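Asker: Give me a 3D structure for the following:
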Amino acid sequence: MKPFLILQLRPIDLAADNEFSSFLHYGGLKEHEVHRVRMEKESILKINLDDYSGIILGGGPSNVSDDEDKKYSYQRKFEVELNMLLDKVFETDFPMLGTCYGIGALVKHQGGRVSKENYSEDVGVINIELNESGKNDKLLKGLPAHFMAYGGHKEACQTLPSNATLLARSNICPIQMVRFGQNIYATQFHTELDEEGIAIRINIYKNHGYFSPEDAENLIMKAKSNLVTSPGLILNKFIKNYKRQ
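Answerer: The predicted model follows:
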């Protein structure tokens, strides 16, 4: 099998390692079946799409809508390289799944609008609702029309580009999952998070402006009180659909 390329952008090792292990677990992947690149410290300029089955782009504290002078230097660097890679992805409709930061990166690359104006969501459990296109999509078919997912984000997609198909929404954020072409997907919610992962991230990012630090323990308790299973199935279906020799 050609490996899957996992692109990460979390500068804190504990968060990056937990995200990576969760991608493996819920994707049903072994370490030898992936190529992991942490873009905040490694270049992706030499990536050749022919070497891979597909791409998974993770989340992190970066926001695509921040002014350039407010972005860390590593973000400015990896975004230039990521946009060059996305040029090739969209040219060939190459299989890709972007989560959280990933939806902003893909939507912005294609000319949609991403900002902090509206639709941000507090950290915790989100009720996702599939539309008719979502119910018939190959990654979502057979899933409940409503399911719970973990999320939390400062920026959100305000408008979609014309080549995007909306698949899912939530009460607060109207753009939760989209598809470009036939093979390029992005979710605002996390497809890899579980109880352990959300607790780790809440503790890591409690001073990053997503919520008041004193609310961390309460947020963890609320997150653990909900059953979240469907997002991991989406990740698993993506892997199964696009494995290739």
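
Asker: drop to CA atoms for contacts and neighbour counts, all remaining ones
Answerer: Fine.

Asker: Now do the contacts for the closest residue to residue 182 other than its chain neighbours.
Answerer: Nearest non-adjacent residue to residue 182, counting by C-alpha to C-alpha, 6 or more residues apart in numbering: residue 93, 6.9 Å away. Neighbouring residues of residue 93 by C-alpha atoms under 8 Å, 6 or more residues apart in numbering: 180-184.

Asker: From the residues you listed, list the buried ones, please.
Answerer: Listed as buried from these are 180, 183-184; burial here means 16 or more other C-alpha atoms under 10 Å.

Asker: Residue 206: neighbouring residues, count only.
Answerer: Residue 206 is flanked by 16 other residues according to other C-alpha atoms under 10 Å.

Asker: Looks to me like it is in a helix.
Answerer: No: Residue 206 sits outside any helix when classified using DSSP: H, G, I helix; E, B strand; the rest coil, being coil.

Asker: Relative to its centre, which residue of the chain is most distant?
Answerer: Here the centre of the chain is the reference, and by C-alpha atoms, centre = their mean the most remote residue is residue 214, at 26.6 Å.

Asker: Next, work out how far apart it and residue 197 are.
Answerer: Distance of residue 214 to residue 197, given as C-alpha to C-alpha, to the nearest Å: 19 Å.

Asker: and if you look at residue 48?
Answerer: To residue 197, residue 48 is 31 Å away according to C-alpha to C-alpha.

Asker: out of the two, which sits in the busier spot?
Answerer: The residue with more neighbours, out of residue 48 and residue 197, is residue 197; 16 against 10, by other C-alpha under 10 Å.

Asker: could you pull out the strands for this structure?
Answerer: With DSSP state E as the criterion, the chain has strands at 4-8, 34-38, 54-57, 96-99, 113-115, 121-130, 146-153, 156-159, 164-169, 177-180, 184-187.
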